[in-house]
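> compute the structure for the input listed below.
(one chain, ligands or ions: 2)
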Amino acid sequence: MSAAEGPLVVGVDTSTQSTKALVVDVATGRVVASGQAPHTVTSGAGRESDPRQWWDALSEALRQCGEAAHEAAAVSIGGQQHGLVTLDAQGDPVRPALLWNDVRSAPQAARLVEELGGAKFWAERTGSVPAASFTVTKWAWLAEHEPDAVRATRAVRLPHDYLTERLTGEGTTDRGDASGTGWWASGTEAYDEEILARVGLDPALLPRVVRPGEVAGTVRDSDDLPFSRGTLVACGTGDNAAAALGLGVRPGTPVMSLGTSGTVYAVSRHRQADPTGTVAGFADARGDWLPLACTLNCTLAVDRVAALLGLDREAVEAGHGVTLLPFLDGERTPNLPHSSGLLHGLRHDTTGGQLLQAAYDGAVYSLLAALDLVLDEDADPSTPLLLIGGGARGTAWQQTVRRLSGRPVQVPEARELVALGAAAQAAGLLTGEDPAAVARRWNTAAGPVLDAVERDEETLSRLAGVLSDAAPLLERATDTD
Ligand SMILES: Nc1ncnc2c1ncn2[C@@H]1O[C@H](COP(=O)(O)OP(=O)(O)O)[C@@H](O)[C@H]1O
Ligand SMILES: O=C(CO)[C@@H](O)[C@H](O)COP(=O)(O)O
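Ligands and ions are numbered 1, 2, ... in the order given. From the prediction side, this is the model:
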């Protein structure tokens, strides 16, 4: 491998299932080294992870990067959104983090929306109507179920803030990730004291919101990390905002990410406020906005269906009539936190491959239903949809998105767009460039474009019909809950 042309930066993605680190050459965007280490997520009633494991995974991923990480001049961390990290006076976790896909706080979400002004109030104040994923609902859940943990908490952080703070010693966050808490007012771009008071959270426990382009700090202690003391640390951001940076997208280009979560989003110059709650009006990491819809059931749910059928994930077969709503973890879009998976239209001649295809269709349907809602009205429908995340590597995912969207689909060759976005953010600190411009210079979105095919309206309307007809069942919890 040839020597780097420019300084090196490290970009990190601390996502639900693993931490990935890339060492990137600022001059060319070439990935000089990479590393990855897994996380453990609980599988019982909730979804929790120990933040200390994220730190260990970061250390391991950086160790795999070798000497190159040690040479980095700047680092930035992107991470799974919304997770509630509670720290004690020593900076240690009071309890495991409550993750974005933990739906136990659904009753608190419904209560907060109802008691504090209704859906329109929340959408206008924070950009989003909080569902169980949002941090504010998790804090309310903790206050109700574990008041001792709340009393012991001296700092509240998001996943990416936790790791950034362990590097710098300073409690910081950014507007992108702050916008997913439910206690950040999108109109004033400040913490919302009324909402915080409502849930009994002292604003002094929250991190400082660092401005785009501002340095969050420097690496304080590199004893157990391959960074030099004084390495610049960028503010980082939520994983979807980081991927938007990593692709260098401009308004009008839709992105779909297929990972643990399914997301669909676009950059917009306009602040969003959708009172239906389908679109979350997040901020991006630059100063624009990132309207986004998110599902809880994506690659893991489809892989689970394939495993139950004893099939490879690519062993799909075309076929009509069978519908599978793969809501194995409850669902957020549509907002059905107590739902479970639902199968309809099974016949003697239905094959396993058709069932598997139905799971893909069901997973992609809600994301595509939100596609036009996240795009500005003047967006050109012939602009390719950028498909990213682990699932984007799969042919069955690519073909399902193509068939159900009717749009051209572009699959970037770069694999880790979140970590690349974080790297672009770190590079921007060094060069003074806009991180999205850095990513465009690195040509990160380059990849094959799959031509548009005719949209499969029959499947889309069948899915819409089953979803609507099954509403009472999907709103109900099962006996095992
Ligand atoms: N070649 C592939 N085809 C289809 N799915 C894949 C492939 N490789 C990885 N995946 C899926 O990608 C998922 C991980 O995606 P990733 O975006 O890394 O998740 P996250 O960021 O949520 O941790 C896994 O659940 C796996 O099912
Ligand atoms: O909750 C959301 C977005 O609102 C999720 O997209 C999380 O940010 C988790 O992301 P992955 O780990 O699936 O990438």
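
> spit out the contact partners of T478.
By Cβ atoms under 8 Å, 6 or more residues apart in numbering, the contact set of T478 is S340. No exception for glycine: its C-beta is placed from N, CA and C like everyone else's.

> helix or strand for it, which one?
Counting by DSSP states H and E, no helix or strand carries T478.

> which residues does D329 contact?
Counting by Cβ under 8 Å, 6+ apart, D329 touches R47, N101, V103, L296, N297, L300, A301.

> in space, what's closest to the last one - neighbours in sequence excluded?
So the one you mean is A301. In space, and not counting its chain neighbours, A301 is closest to P326: 4.1 Å by Cβ to Cβ, 6 or more residues apart in numbering.

> run a quick neighbour tally on that neighbour.
26 (other Cβ atoms under 10 Å).

> kindly report the same for the one 10 residues further on.
Per other Cβ under 10 Å, the neighbour tally for L336 reads 23.

> excluding sequence neighbours, find me the nearest residue to it.
Using Cβ to Cβ, 6+ apart, the closest residue to L336 is L474 (4.8 Å).

> name the residue of the stretch 201-350 of the chain that lies nearest to ligand 1.
For the stretch 201-350 of the chain and ligand 1, the shortest gap (Cβ to the nearest ligand atom) falls at G259, measuring 2.8 Å.

> could you check the pLDDT of that residue?
In this prediction, G259 carries a pLDDT score of 96.

> same check, this time on F327
Reading off the model, F327 has pLDDT 97.

> so how far is the helix or strand containing G78 off the chain centroid?
Per DSSP H and E, G78 falls inside strand 74-79. Relative to the chain's own centre, strand 74-79 is displaced by 15 Å; criterion: Cα atoms, centre = their mean, to the nearest Å.

> now it: average pLDDT?
Computed over strand 74-79, the average pLDDT equals 98.

> thinking again about what came up before, list the contacts of the residue nearest to L336.
L474 touches L325, F327, E331, L336, S339, L342, L467, counting by Cβ under 8 Å, 6+ apart.

> by neighbour count, which of those residues wins?
Busiest of the contacts of L474 [other Cβ under 10 Å] is L325, holding 29 neighbours.

> tell me the contacts of N443?
Shown in contact with N443 (Cβ under 8 Å, 6+ apart): G29.

> so how far is ligand 1 from it?
Going from N443 to ligand 1 by Cβ to the nearest ligand atom, to the nearest Å gives 21 Å.

> quick check: that residue vs ligand 2, distance?
Distance, N443 to ligand 2, using Cβ to the nearest ligand atom: 23 Å.

> check G259 too.
The value you get for G259 to ligand 2, if Cβ to the nearest ligand atom is used, is 4 Å.

> how many neighbouring residues does that residue have?
Close neighbours of G259, defined as other Cβ under 10 Å, add up to 22.

> that one reaches G389, doesn't it?
Yes - counting by Cβ atoms under 8 Å, G259 touches G389, with 3.9 Å between them.

> re earlier: looking at the contacts of L474, which is nearest T153?
Within the contacts of L474, the smallest distance to T153 is 29.5 Å, found for E331 (Cβ to Cβ).

> was I right about V129 contacting A110?
No - counting by Cβ under 8 Å, V129 sits too far from A110 to count as a contact (10.3 Å).

> quick one on the thing from earlier: what are the phi and psi values for the residue of the stretch 201-350 of the chain closest to ligand 1?
Main-chain torsions, G259, degrees, to the nearest 10: phi -140, psi -150.
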